[in-house]
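>>> When you get a sec, could you give me coordinates for this:
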Amino acid sequence: MFVFNEEAKAQPCEPGVSRKVLAYSDALMMCEITFEKGAKGNAHSHKHLQVTYIAKGSFEFTIGEETKVVKQGDSVYMPGDVIHYVTCLEAGILVDVFNPKRDEFVQ
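Numbering: from 1, shown residues only. Okay, here's the model as predicted:
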């Protein structure tokens, strides 16, 4: 029921990017993604619905054919099976929420 950030283990993703899996159930998952300036989340798609909250920093997101710069306090939605990717413009943290959970993230 409770997940304490300091106890969650960061896992490397792409260069300059790490992920902590926070609270989750079979239907819902929250992750904290930390980016160094200039780091990229490579182009990908997945069946999961995804909402991302920009907790810190600024990022250039591309979702499908649309690209926007977002900053702390903004949020974005990625529908399932739509290609998306991100470039970190200012070191920061994203909070990703998925439906259903990303089984491949759970070790």
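>>> how about the residue nearest in space to the middle of the chain, what does it touch?
The structure's the chain has its C-alpha centroid closest to Asp96; by CA atoms, centre = their mean the separation is 4.1 Å. Listed by CB atoms under 8 Å, 6 or more residues apart in numbering, the contact partners of Asp96 are 30-33, 50-52. Just so you know, the C-beta spots here come from the backbone N, C-alpha and C atoms, and that holds for glycine as well.
>>> out of those residues, which are buried?
Buried members of those, scored by 16 or more other CB atoms under 10 Å, are 30-33, 50, 52.
>>> sorry, back to before: now the contacts of Asp96 in a markdown table, with pLDDT?
Formatted as a markdown table, the contacts of Asp96 follow (pLDDT from 0 to 100):
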| residue | pLDDT |
| --- | --- |
| Met30 | 98 |
| Cys31 | 98 |
| Glu32 | 98 |
| Ile33 | 98 |
| Gln50 | 98 |
| Val51 | 98 |
| Thr52 | 98 |
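>>> quick one: which of those is nearest Pro79?
Taking CB to CB as the measure, Pro79 sits nearest to Gln50 out of the contacts of Asp96, at 8.3 Å.
>>> With distance to Asp74 and secondary structure as extra columns, can I get the buried ones among the contacts of Asp96 in JSON lines?
Shown next, in JSON lines, are the buried ones among the contacts of Asp96 (distance: CB to CB, whole Å; DSSP: H, G, I helix; E, B strand; the rest coil):
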{"residue": "Met30", "distance to Asp74": "17", "secondary structure": "strand"}
{"residue": "Cys31", "distance to Asp74": "18", "secondary structure": "strand"}
{"residue": "Glu32", "distance to Asp74": "16", "secondary structure": "strand"}
{"residue": "Ile33", "distance to Asp74": "15", "secondary structure": "strand"}
{"residue": "Gln50", "distance to Asp74": "15", "secondary structure": "strand"}
{"residue": "Thr52", "distance to Asp74": "9", "secondary structure": "strand"}
